[in-house]
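Participant: Sequence first, then the predicted structure:
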Amino acid sequence: DPWLHTRDWVKQTAERMKAKGAELVPVTANPVDAVWEDRPAPSLAPAMPQELAYAGKAHEEKLDDIAHWLAARGDDAVVLSALDSIAWALNIRGGDVAHTPVALCYAIAKADGTIDLFIAPEKVTDALRAHLGNRVALYDRADFAQALENDYAGARVAVDPERAVAAIFDRLEQ
């Protein structure tokens with residue numbers, strides 16, 4: 001499942017399998033999901049703003065820093081797929097992962113200092129909306145893959161090869 005493994009893991013595993021006469025093939029639907037009868041429901045925990053006193057820097061300043069980094073590299077955008085990176089960049093917290101205060105989401109920060117946040121709509125409260133302000137566009141988490149293909153065709157997009165899953169690279173390359 002390219003949504004579960006990094007591109008480097010996929011390449012290394014494909015090479016090892018090829019050496020043994022086997023082939024690693026990406027699936028469009030994870031076969032485990034088809035037989036997982038007692039799968040827990042997705043978390044309904046809302047995403048929450050983190051107080052500036054604990055964040056150290058306003059998220060608008062962090063978005064400016066990211067925009068400057070992108071400009072220096074000549075990139076149009078950067079995909080943030082690591083949940084802790086998104087929590088840091090936007091000064092938000094969540095309750096979706098045990099013992100880790102993060103919300104399940106994706107983000108794409110752009111060179112103009114704005115960011116697209118892909119998060120389940122039921123996690124977005126009025127307090128979160130007010131905290132994020134008008135530099136953060138909110139989209140359903142389910143729309144992330146399609147946005148990579150549609151909105152970033154021909155763009156220079158930075159992606160962390162050590163933390164981002166292979167599917168992100170696949171979608172951008174499409």
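Facilitator: All right, it came through fine. Since we're looking at a predicted model, the values are computed, not measured. Numbering: from 1, shown residues only.

Participant: Let me know the pLDDT of R39.
Facilitator: At R39, the pLDDT value in this model is 89.

Participant: Go ahead and confirm it touches V32.
Facilitator: No: using C-beta atoms under 8 Å, R39 is not in contact with V32, being 9.2 Å away. For every residue, glycine as well, the C-beta is placed using N, CA and C.

Participant: Could I get the full set of strands for this protein?
Facilitator: 48-49, 77-80, 92-93, 105-110, 115-119, 136-139, 157-158 (DSSP state E).

Participant: roughly how far is the third one from the heart of the chain?
Facilitator: Average the C-alpha atoms of strand 92-93, do the same for its chain, and the two points are 14 Å apart (C-alpha atoms, centre = their mean, to the nearest Å).

Participant: Can you name every helix or strand that it contacts?
Facilitator: On a contact count with 3 or more C-beta pairs under 8 Å, 6 or more residues apart in numbering; DSSP states H and E, strand 92-93 meets strand 48-49, helix 126-132.

Participant: Tell me which of the ones you listed is the most buried.
Facilitator: Of all those, strand 48-49 has the most neighbours on average by mean count of other C-beta atoms under 10 Å, namely a mean of 18.

Participant: lowest-confidence helix or strand of this structure?
Facilitator: helix 31-35 (a mean of 90; mean pLDDT, DSSP states H and E).

Participant: Identify all contacting residues around that one.
Facilitator: Residues from elsewhere that reach helix 31-35, judged by C-beta atoms under 8 Å, 6 or more residues apart in numbering: R39.

Participant: Let's see it as CSV, backbone CA atoms only.
Facilitator: Output of helix 31-35 as CSV, limited to C-alpha atoms (Å, rounded to 0.1, in the frame of the first residue of the first chain):
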residue,chain,number,x,y,z
PRO,A,31,-6.5,-5.8,1.2
VAL,A,32,-6.3,-5.8,5.0
ASP,A,33,-9.1,-3.2,5.0
ALA,A,34,-11.4,-5.7,3.2
VAL,A,35,-11.1,-8.3,6.0
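
Participant: tell me the mean pLDDT over stretch 135-144?
Facilitator: On average, stretch 135-144 scores 97.

Participant: typed the wrong thing, it's stretch 105-116
Facilitator: Here the average pLDDT along stretch 105-116 is 98.

Participant: in that stretch, what counts as buried?
Facilitator: Under the neighbour-count criterion of 16 or more other C-beta atoms under 10 Å, stretch 105-116 has 105-111, 113, 115-116 buried.
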